[in-house]
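J.: Fold the following for me, if possible:
(one chain, ligands or ions: 1)
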Amino acid sequence: MEEKGTEMGVAAMAACYQGFDPAAYLQYNYTLPRADFERKDSIMPWKLACLHRAFTEGDVNGELLVDIGSGPTLYQVMSGCEVFNKVLLTDFLEVDCFQGASAWTEKAAKLRQVITDVVPVDVHRPQPLALDDLPSAGADCLVSCFCLESASADLAAFNRALGHIGSLLRPGGHLLLIGALGTSYYFAGPGVKLPVVPLNEAQVCAGLKENGYTLIRLEVYILPQHMKLGSDDLSGVFFAKARKE
Ligand SMILES: C[S@@+](CC[C@H](N)C(=O)[O-])C[C@H]1O[C@@H](n2cnc3c(N)ncnc32)[C@H](O)[C@@H]1O
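T.: Okay, the predicted model is just below:
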């Protein structure tokens, strides 16, 4: 019965994503006021600062960085591409894989140099990537932003997805996870309302621990009033830096 419910949740989420509109998603989330580089309290500079710090502290290194659920964005690998020789982008939807790769590779020579491929992923599969997408030792680092809670039907599915992506990481490798707090939906296009698992900080920490990660740091951003838009009910964002045991 539990298995059946799980399968139905996964299938329902996959069906919801058929309406994902990359251009509208970028418009809602990656323009003013959320991507305001003139304001220190804007969400976009906060995310970039968290990632920059994590990638430059010296403990995150190796050959291969994998981004899980890249969507139509590349901000999440902009610091990492300076540290890793290879970056693999992934997404569930082909429309996202194409959009992300084409928009940015024209502008960023470094990204063009290190992004080796854009491949399909499904965080609900115990083995989320095709076997030949990764070296057998696994990735040295995973980054994933706003993917797991947006792709999961409930907290149990979010936790399982955390475990599934962990299988892609070598022991001692790092997970840099950014996600929504207290959020139940977002619009991924006009009239395309997608459900989100409303998470709190304790649930994120517990999920990481349950799945064999040691938390190094958790940072929380509270969304200022002027950044609350009709496109979602986001109330905050977490950034977690963790290591796989
Ligand atoms: C909210 S968007 C996040 C995009 C981008 N990472 C960002 O930071 O804005 C969620 C992404 O998860 C992807 N996704 C949906 N279901 C998925 C699944 N089962 N496995 C992996 N990714 C999935 C979607 O296609 C979408 O690109």
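J.: In contact with the residue nearest the centre of the chain, which residues?
T.: In the chain, the residue lying closest to the centroid (CA atoms, centre = their mean) is C145, at 2.1 Å. By CB atoms under 8 Å, 6 or more residues apart in numbering, the contact set of C145 is K47, D67, G69, T73, Q76, L177, I178, G179. C-beta coordinates here come from the backbone N, C-alpha and C atoms, glycine included.
J.: partners of the longest strand belonging to the chain, with directions?
T.: Longest strand in the chain by number of residues (criterion: DSSP state E): strand 169-181. When sheet partners are counted by DSSP bridges, strand 169-181 sits next to strand 139-145 (parallel), strand 236-244 (antiparallel).
J.: Buried ones in that strand, by neighbour count?
T.: Judged by neighbour count (16 or more other CB atoms under 10 Å), strand 169-181 contains these buried residues: L169, R170, G173, H174, L175, L176, L177, I178, G179, A180, L181.
J.: CA atoms only for that strand, dumped as CSV, please.
T.: Taking only C-alpha atoms (Å, rounded to 0.1, in the frame of the first residue of the first chain), the coordinates of strand 169-181 have been written out as CSV:
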residue,chain,number,x,y,z
LEU,A,169,28.5,11.0,-4.2
ARG,A,170,31.8,9.4,-3.1
PRO,A,171,32.3,8.9,0.6
GLY,A,172,33.8,12.1,2.0
GLY,A,173,32.3,14.1,-0.8
HIS,A,174,30.2,17.2,-0.2
LEU,A,175,26.5,18.1,-0.7
LEU,A,176,25.6,21.8,-1.1
LEU,A,177,21.8,22.0,-0.8
ILE,A,178,19.7,25.1,-1.3
GLY,A,179,15.9,24.8,-0.8
ALA,A,180,12.7,26.5,0.0
LEU,A,181,11.4,26.8,3.6
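J.: Distance from stretch 29-48 to the middle of the chain?
T.: For stretch 29-48, the separation from the chain centroid amounts to 17 Å (computed by CA atoms, centre = their mean, to the nearest Å).
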